[in-house]
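A.B. asks: have a look; sequence and predicted model below, questions after that.
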Amino acid sequence: MPTRYRSLISDSSRWEGFELRPDDIVISTAPKCGTTWMQMICALLVFQTTTFDTSLDLISPWLDMLTRERDDVFADLAAQTHRRFIKTHTPLDGLPFEPGVTYIGVGRDPRDVALSWDNHMANMNFERLLGARAAAVGLDDLAELFPDGPPEHLDSEIERFWSWVDNSASPSEANAGGLISLMNHLTTFWTMLDQPNVALFHYDDLKTDLEGQMRRLAAQLAISVPDDLWPELVDAATFERMRAGADRIAPDTTHAIWEDNQQFFHLGVSGQWRALLDDECLRRYYERVAELAEPDLVRWLHHEPQLVP
C-alpha cells in the first residue's frame, strides 16, 4: 500500500484510480528542486519544439494538487495523445509503481532549497490559493490537517531556515516539510536506482551541463533528437528563457497564485546559503542532515564530500 502524503495543497491519494500508460513519465521531486525545470525539459524533448499550445501547468499537471477537481485533471490527461509527463511532489513510495513508467527525480543542495522555499512562500498569494482550493475540494479538512492552527510566522531569515531544517514531523503529515521531507523524498529514489525506469538528476549538474543532462534524459526516455535541433532546445531550457516566459511556464498561473510570476524563477543559483550560514551553523546543519540520510546520498546531494561527515 503506498504511503499517503497530505498537505494544505496536495494529497497523494488522488493517484488512486488513475490509469498510467506504459510510456508515461512521472516527474517526482521535492519542492524547489527543479520541478518546473524538469517539466520544461520533458516538454522540449517530447514535442521537439520551443512553443506550446497552452501553459506548461496544463500540459503537465500536478495531479496531487488540490486547486483543481481530480476528475478534471484525469479527463485532461486521458485526452492527451502525446507522451504524457506528469508532475508530483509525492515521494516514490507514495506513487503507483509500474515497470513501463519512467520516474524522474531531481536533488538539490538542501541549503539552497531552504532559501528558495523562503522566497517561494513570500511570493505566494494565499488568498487566491485558498480560494482555488475551496472551489475545487473545499476547506472543511483544514482543522484536521492543522489541529494547532496555522504555522507561526518567523520574522528573521535565519529563524525560518532553522525551522525548515529542524522540522521533526513525519514526512507524510500535513505539517511536515523542510529538510526531513526533502531527505525522505530523495531516499525513496536513492534506494530504487537499481531499477531501469528510475533516474535521479542533480540541480547543479543541470546548471553546469544542461545539454549533457538533457541528452542523458533523452537517452533514458529513448527519445531521438536531431543534432541540429539541440541548440534551440537547450537554449529554451535555460533559466533566463524560462523566467522570460514565466506567465506560461510558472506553475498554476491559471489561478494567479503568485504575486509575480517571474519572481517564481527568483535567482536559480547555487550557493546562496553562504551569505547566511557561518561555520557553527554549518556544523549544526551537517549534524542534522546526517541524521536523515545515508552518507553516500548526503555526499552526492551536497557535491562537497570533504565537508560531509
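C.D. replies: Great, that's in hand.

A.B. asks: my hunch is that I27 is in a strand, does that hold up?
C.D. replies: Yes: counting by DSSP: H, G, I helix; E, B strand; the rest coil, I27 is found in a strand.

A.B. asks: start the count at 803, not 1, going forward
C.D. replies: Done: numbering now begins at 803, and the last item shifts to I829.

A.B. asks: wouldn't A845 be in contact with F854 here?
C.D. replies: Yes: counting by Cβ atoms under 8 Å, A845 touches F854, with 6.4 Å between them. Any C-beta I mention is one placed from the backbone N, CA and C, and that applies to glycine too.

A.B. asks: identify the contacts common to those two.
C.D. replies: Here A845 and F854 have I861 as joint contacts, going by Cβ atoms under 8 Å, 6 or more residues apart in numbering.

A.B. asks: those two: who's more crowded?
C.D. replies: Per other Cβ atoms under 10 Å, whichever of A845 and F854 has more neighbours is A845, with 22 against 17.

A.B. asks: doesn't that one lie inside a strand?
C.D. replies: No: going by three-state DSSP, the assignment for A845 is helix, not a strand.

A.B. asks: distance-wise, check it relative to L858.
C.D. replies: As judged by Cβ to Cβ, to the nearest Å, A845 and L858 stand 6 Å apart.

A.B. asks: again, but for A877
C.D. replies: Distance, A877 to L858, using Cβ to Cβ: 19 Å.

A.B. asks: please apply the same query to S1026.
C.D. replies: Distance, S1026 to L858, using Cβ to Cβ: 23 Å.

A.B. asks: ok, those two, which is more surrounded?
C.D. replies: Legend: neighbour count by other Cβ under 10 Å for S1026 and L858, higher for L858 (21 against 9).

A.B. asks: what count of nearby residues applies to the nearest residue to I827 once chain neighbours are set aside?
C.D. replies: Once flanking residues are discounted, I827 sits nearest to F887: 4.0 Å by Cβ to Cβ, 6 or more residues apart in numbering. By other Cβ under 10 Å, 23 other residues sit near F887.

A.B. asks: ditto for P953
C.D. replies: Neighbourhood size, P953 [other Cβ under 10 Å]: 12.

A.B. asks: pop out the phi and psi values for it.
C.D. replies: With angles defined as degrees, to the nearest 10, P953 sits at phi -60, psi 150.

A.B. asks: tell me which helix or strand I906 sits in.
C.D. replies: In this assignment (DSSP states H and E), I906 forms part of strand 904-909.

A.B. asks: now for the helix or strand following that strand, which elements pack on it?
C.D. replies: Where DSSP H and E defines the elements, the next helix or strand beyond strand 904-909 is helix 912-925. Applying 3 or more Cβ pairs under 8 Å, 6 or more residues apart in numbering; DSSP states H and E, one finds that helix 912-925 contacts helix 959-968, helix 980-992, helix 1063-1066.

A.B. asks: tabulate these (CSV), appending distance to N925 and mean neighbour count.
C.D. replies: Listed next are these as CSV, based on distance: least, Cβ to Cβ, whole Å; neighbours: other Cβ atoms under 10 Å:
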stretch, distance to N925, mean neighbour count
helix 959-968, 14, 16
helix 980-992, 18, 23
helix 1063-1066, 5, 18
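
A.B. asks: so which of those helices gets nearest E929?
C.D. replies: Judged by Cβ to Cβ, the one of these that comes nearest to E929 is helix 1063-1066, at 16.6 Å.

A.B. asks: and the helices in the stretch 1003-1111 of the chain?
C.D. replies: Secondary structure of the stretch 1003-1111 of the chain, counting by DSSP state H, counting those that start in this stretch: helices at 1005-1010, 1012-1022, 1032-1038, 1041-1046, 1048-1051, 1063-1066, 1081-1094, 1097-1104.

A.B. asks: looking at those helices, which is nearest to D813?
C.D. replies: Between those, helix 1063-1066 lies closest to D813; by Cβ to Cβ that is 22.5 Å.
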